[in-house]
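Visitor: sequence first, then the predicted structure:
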There are 2 protein chains.
Amino acid sequence: MESYDKHDAPPAGNLGSFTGLVLLIQGLGLTAVILVAVWMGHFREGFAWTSDPAKEFNYHPVFMVIGLIFLYSDAILAYRVFRNVKKMYIKIVHGFIHLGALVFASVGLKAVFDSHNLAPTPIPNMYSLHSWLGIITVVLFGLQWLIGLLTFLAPGLSQGLRTLYMPHHVFWGVAILCMAAATALMGITEKAIFLKSTIQYTEKSTEGLVLNSLGIVIVALVALVAFVVTRPEYKRQPSPDEDHIQLMG
Amino acid sequence: MESYDKHDAPPAGNLGSFTGLVLLIQGLGLTAVILVAVWMGHFREGFAWTSDPAKEFNYHPVFMVIGLIFLYSDAILAYRVFRNVKKMYIKIVHGFIHLGALVFASVGLKAVFDSHNLAPTPIPNMYSLHSWLGIITVVLFGLQWLIGLLTFLAPGLSQGLRTLYMPHHVFWGVAILCMAAATALMGITEKAIFLKSTIQYTEKSTEGLVLNSLGIVIVALVALVAFVVTRPEYKRQPSPDEDHIQLMG
């Protein structure tokens, strides 16, 4: 990957394509949320809390997609989008959107465990590859958030340690997003195969097309977020009075 | 991500961790191939060609993992591993391993289409999210290979165009590998849910543990390949008589 000198301005003209990409990402993120809400709300008979475990399950895909796909993507992008805002404010926005993602993910996890445990015939937990990778992803996400908080927001840590950790924070941020997406794709696949004959999946029913499209939209979204984050010309440029590390955010 | 000046030597001591990571990646790649071969060969009753479509299917996961996970990963790493070899030789090795990956993937695709079309009751093709993302991945992989060949191996293209295309080649190389991994995870999930009661998946049977482990090994492998490829200090350094672009490979 090419690199620009750290104190160059971004090449002229690039911010136009940047804005287009960010809008496209927002569109894809909203489309994913709408598709999963329509799938669960319309095709899968809607939502209920603990009174109806089967319908409580339906919160699981919706909350996970809102938290670990849509909000997570936007939290990552916050660093690239708010170019002219004071560094500390962006850090706080970045951390808070991630915290929101974690809250949605936690409620989404409670929904799926409840739906298994409260079912008339309880369903075993944590046997599938989807559940294994899902738990690994949520734990890594939580750790990344905590380490990020301690490293970049808590006072006292030396600039040298922050600089050393930053590329790992960026790499694992994108890697965990990819893991969240892969887990979502497996969750969609599980549900689709469970429902295979009910929804006439092999005959390309509307419900089948909706859930397949949800998967493809998630892949496109995550690929674009990774692209925007790894392009050096889209990086936030520091104002002259900011310190060096801000460039790497 | 941090960047070193293009003409710096790699920081001392890093090549030790590099060698360890490359060995770990080889170990994970071989483990994935062994796990999928044991799953299909031992637990799923082994292999046959068109004479037995159900057993022909079993070639599909094995060939796809060998091609689009193991060989693909090694083709990417070739640029980082062969540090002291003439640039043109590495290009050829890189291209040939990718070609091998494409051959394995093509045979793997023929196996699954045959297993559907030649079954006593034919099974529909291309209805699942796994198949959709799989076809997109193979097409993008083929295009990336072709464009890479035309850009970097065919004579005549200007250095400027090569330099412009290189970061996109690197980005999409890793992105398509991630898509291949996500497709593999969905394929494993599909098969596991189809076989759910047969293999007592919910009771954590040996077969269930084997296929879940296969998925986790694939995730670890791809995460490490992406890590090695995106770390600037692991990049191949050019010898003094090589031109500028070689740094970026």
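Guide: Nice, thanks for sending it over.
Visitor: what's the single longest helix in chain A?
Guide: What stands out as the longest helix in chain A, according to DSSP state H, is helix A:159-194.
Visitor: does chain B have contacts with that helix?
Guide: Yes - if you take Cβ under 8 Å from any Cβ of the partner chain as the test, helix A:159-194 does meet chain B, through A:163, A:166-167, A:170-171, A:175, A:178-179, A:181-182, A:185-186, A:188-190, A:192-194. The way it works is simple: take the backbone N, C-alpha and C, and place the C-beta from them, glycine included.
Visitor: against which helices or strands is the helix or strand that that helix is followed by packed?
Guide: Using DSSP states H and E, the helix or strand that follows helix A:159-194 in sequence is helix A:206-230. When contacts are defined as 3 or more Cβ pairs under 8 Å, 6 or more residues apart in numbering or on different chains; DSSP states H and E, helix A:206-230 sits against helix A:14-38, helix A:72-81, helix A:159-194, helix B:129-148, helix B:159-194.
Visitor: what lies in contact with the first one?
Guide: Helix A:14-38 is contacted from outside by A:61-62, A:65-66, A:69-70, A:73-74, A:77, A:80-81, A:210-211, A:213-214, A:217-218, A:220-221, A:224-225, A:227-228, A:233-234, using Cβ atoms under 8 Å, 6 or more residues apart in numbering or on different chains.
Visitor: now check the helix or strand just after it, is it near chain B?
Guide: Tracing the chain C-terminally past helix A:14-38 and defining elements by DSSP H and E, one meets helix A:53-57 next. No - applying Cβ under 8 Å from any Cβ, one finds helix A:53-57 separated from chain B by no less than 15.5 Å.
Visitor: against which helices or strands is the helix or strand that helix A:53-57 is followed by packed?
Guide: If you walk from helix A:53-57 toward the C-terminus, the next helix or strand you reach (DSSP H and E) is helix A:59-65. Helix A:59-65 sits against helix A:14-38, helix A:87-117, helix A:159-194, with contacts defined as 3+ Cβ pairs under 8 Å, 6+ apart.
Visitor: and residue A:223, what does it touch?
Guide: For residue A:223, the contacting residues are B:175, B:179, taking Cβ under 8 Å, 6+ apart as the criterion.
Visitor: buried stuff in stretch A:146-165?
Guide: Judged by neighbour count using 16 or more other Cβ atoms under 10 Å in any protein chain shown, the buried positions of stretch A:146-165 are A:148, A:151, A:152, A:162, A:165.
Visitor: contacts only, for the spatially most central residue of chain A.
Guide: Centroid-nearest residue in chain A: residue A:69, 2.8 Å away (criterion: Cα atoms, centre = their mean). Contact partners of residue A:69, counting by Cβ under 8 Å, 6+ apart, are A:29, A:32, A:177, A:180, A:181, A:184, A:218, A:221, A:222.
Visitor: CSV for those, including distance to residue B:200?
Guide: As requested, those are arranged in CSV below (distance: Cβ to Cβ, whole Å):
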residue, distance to residue B:200
A:29, 39
A:32, 34
A:177, 33
A:180, 29
A:181, 29
A:184, 26
A:218, 31
A:221, 36
A:222, 34
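Visitor: between these, which is nearest chain B?
Guide: residue A:181 (6.9 Å; Cβ to the nearest Cβ).
Visitor: for the closest one, give me the pLDDT.
Guide: Confidence per residue is given as pLDDT, and for residue A:181 that number is 98.
Visitor: what's around the closest residue to it other than its chain neighbours, how many residues?
Guide: Spatial nearest neighbour of residue A:181, excluding adjacent residues (Cβ to Cβ, 6 or more residues apart in numbering or on different chains): residue A:222 at 4.4 Å. Taking other Cβ atoms under 10 Å in any protein chain shown as the neighbour definition, residue A:222 ends up with a count of 27.
Visitor: so residue A:222 touches residue A:175, yeah?
Guide: No - under the criterion of Cβ atoms under 8 Å, residue A:222 lies out of contact with residue A:175, with a separation of 10.9 Å.
Visitor: need the winner for burial among the helices and strands packed on helix A:59-65.
Guide: For those, the stretch with the most neighbours on average is helix A:159-194, a mean of 21; neighbours defined as mean count of other Cβ atoms under 10 Å in any protein chain shown.
Visitor: kindly calculate the angle that it makes with helix B:206-230.
Guide: The directions of helix A:159-194 and helix B:206-230 differ by 140 degrees, with axes from the mean of the first three to the mean of the last three Cα atoms, to 10 degrees as the criterion.
Visitor: who are the packing partners of helix A:159-194?
Guide: Judged by 3+ Cβ pairs under 8 Å, 6+ apart, helix A:159-194 is in contact with helix A:59-65, helix A:72-81, helix A:129-148, helix A:206-230, helix B:129-148, helix B:159-194, helix B:206-230.
Visitor: what mean pLDDT does the last one have?
Guide: Here the mean pLDDT over helix B:206-230 is 97, rounded to a whole number.
Visitor: quick one: buried residues of it?
Guide: When burial is assessed from 16+ other Cβ under 10 Å, helix B:206-230 yields the following buried residues: B:207-208, B:210-230.
Visitor: residue A:80 - nearest residue in space that isn't next to it in sequence?
Guide: Using Cβ to Cβ, 6+ apart and skipping the chain neighbours, the partner closest in space to residue A:80 is residue A:234 (5.4 Å).
Visitor: I'd guessed residue A:71 sits against residue A:105; true?
Guide: No - counting by Cβ under 8 Å, residue A:71 sits too far from residue A:105 to count as a contact (9.1 Å).
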